[in-house]
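**Q** Provided below are the primary sequence and the corresponding predicted coordinates.
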Amino acid sequence: MKSTLYKAGITKLLLISALSILSACGSSSSEVKSPSSSRIFAGSYGSCVLTEDNSVKCWGHNGSYNFAIGHNDHIGDSYGDADGVDYLCHSETKKMLYTVQNYESGNGGSCTDGGGDGFDYGLDSNENGTLDNDEITSNKEYCYGRIKYNYSFQSSSDLPAGKCDDGGLAVYHGVADDEAGTFTTSEMGENLLSSKLGDEKILDIGLGEYHSCALFEDKSVKCWGSNNSGKLGLGLPNENESEYIGDNVEELGNALVAVNFGQDLDAEQLAVGESHSCALLVSGDIKCWGTNSSGELGYG
């Protein structure tokens, strides 16, 4: 594919969006509100939401790195067997410490049927690395009932955004499906990863079969995922390092390369098909790139 995109032989275009803007649900002023969804998009094998805080989160088929999250694992196919999570947050230089006590039924704690686990935790005020009795500020109990609960801790670097600004731990609790005493957490909800698309405000997103594109406020278009048939608009052959954009996290974020529409030509609208994409430029021209097996690029 040539590095300069050609005009499609179309003089008029009416772009109708099938996507609706979702209004945020009301809540009391005392509640801490998470970012509300502003637009939702669906493609051949995946879906994405663009939130009011300029975050993009996607789920579905990610085999071609088309969610821009730095790996190609599918998202949403692991439900997780953890029932809940408690966050133990550090405070500046002081670390949150914890102790776990296991007890049988009737031998401590409030669990009367099958025993349970008790967690004591608090900040390491004297910074000696040990949770002393006078540092314990909270405790939790998880009762076994007839099925034992299991716990998993994750490091502060893996905590969801907005949880524990100074780092901390997450205590997951639930009934494990395996016999190893471990369990998984869901990829959805607050664990859903944000796409790494850089700092520029995003105006629109399009999902193809194995690639995705976004229109930004600076009127640039950037694409990622599979570059087969040149559908990322980079003017690069589909080989070696250019086969995918997004398999290396260093290619993402502000490092994403914009589609070259020509000197001083900017995009105003974006449309993404299964294996091709088109942009309506500010000049009124339309330029398309990608697969042209059925004349979808409009060359005539």
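**A** Thanks, I have it. Numbering: from 1, shown residues only.
**Q** wait, C143 sits on C111?
**A** Yes: counting by C-beta atoms under 8 Å, C143 touches C111, with 3.6 Å between them. For glycine as for every other residue, the C-beta is placed from the backbone atoms N, C-alpha and C.
**Q** higher neighbour count, the two?
**A** Between C143 and C111, counted using other C-beta atoms under 10 Å, C111 has the larger neighbour count: 20 against 16.
**Q** low pLDDT regions in the stretch 201-300 of the chain?
**A** The stretch 201-300 of the chain contains residues with pLDDT under 70 at 238-242.
**Q** how about the strands in the stretch 1-150 of the chain?
**A** 37-42, 46-51, 56-60, 82-89, 96-103, 116-123, 138-143, 150-154 (DSSP state E, counting those that start in this stretch).
**Q** so can I have JSON lines of those showing mean pLDDT and distance to I75?
**A** Shown next, in JSON lines, are these (pLDDT from 0 to 100; distance: least, C-beta to C-beta, whole Å):
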{"stretch": "strand 37-42", "mean pLDDT": "84", "distance to I75": "14"}
{"stretch": "strand 46-51", "mean pLDDT": "95", "distance to I75": "8"}
{"stretch": "strand 56-60", "mean pLDDT": "96", "distance to I75": "4"}
{"stretch": "strand 82-89", "mean pLDDT": "81", "distance to I75": "17"}
{"stretch": "strand 96-103", "mean pLDDT": "84", "distance to I75": "30"}
{"stretch": "strand 116-123", "mean pLDDT": "87", "distance to I75": "30"}
{"stretch": "strand 138-143", "mean pLDDT": "83", "distance to I75": "29"}
{"stretch": "strand 150-154", "mean pLDDT": "73", "distance to I75": "18"}
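**Q** and of the ones you listed, who's closest to L297?
**A** strand 37-42 (22.3 Å; C-beta to C-beta).
**Q** how far does that closest one sit from its chain's centre?
**A** 13 Å (C-alpha atoms, centre = their mean, to the nearest Å).
**Q** what's that strand packed up against?
**A** strand 46-51, strand 202-207 (3 or more C-beta pairs under 8 Å, 6 or more residues apart in numbering; DSSP states H and E).
**Q** looking at those, which is closest to L97?
**A** The nearest among the helices and strands packed on strand 37-42, by C-beta to C-beta, is strand 46-51 at 34.7 Å.
**Q** next, count neighbours for L203.
**A** Neighbours around L203, by other C-beta under 10 Å: 17.
**Q** who's in contact with it?
**A** A214, L215, F216, E217 (C-beta atoms under 8 Å, 6 or more residues apart in numbering).
**Q** 7 Å instead, please
**A** L215, F216, E217 (C-beta atoms under 7 Å, 6 or more residues apart in numbering).
**Q** separation between the most centrally placed residue in the chain and A68?
**A** Centroid check for the chain by C-alpha atoms, centre = their mean gives L193 as the closest residue, at 2.1 Å. Separation of L193 from A68 (C-beta to C-beta, to the nearest Å) stands at 10 Å.
**Q** and Y210, by the same measure?
**A** 13 Å.
**Q** in stretch 265-280, what counts as buried?
**A** Buried positions in stretch 265-280, judged by neighbour count with 16 or more other C-beta atoms under 10 Å: 265-267, 269-280.
**Q** ok so, going back, look at the residue nearest to the centre of the chain and report its pLDDT.
**A** Confidence at L193, expressed as pLDDT, is 89.
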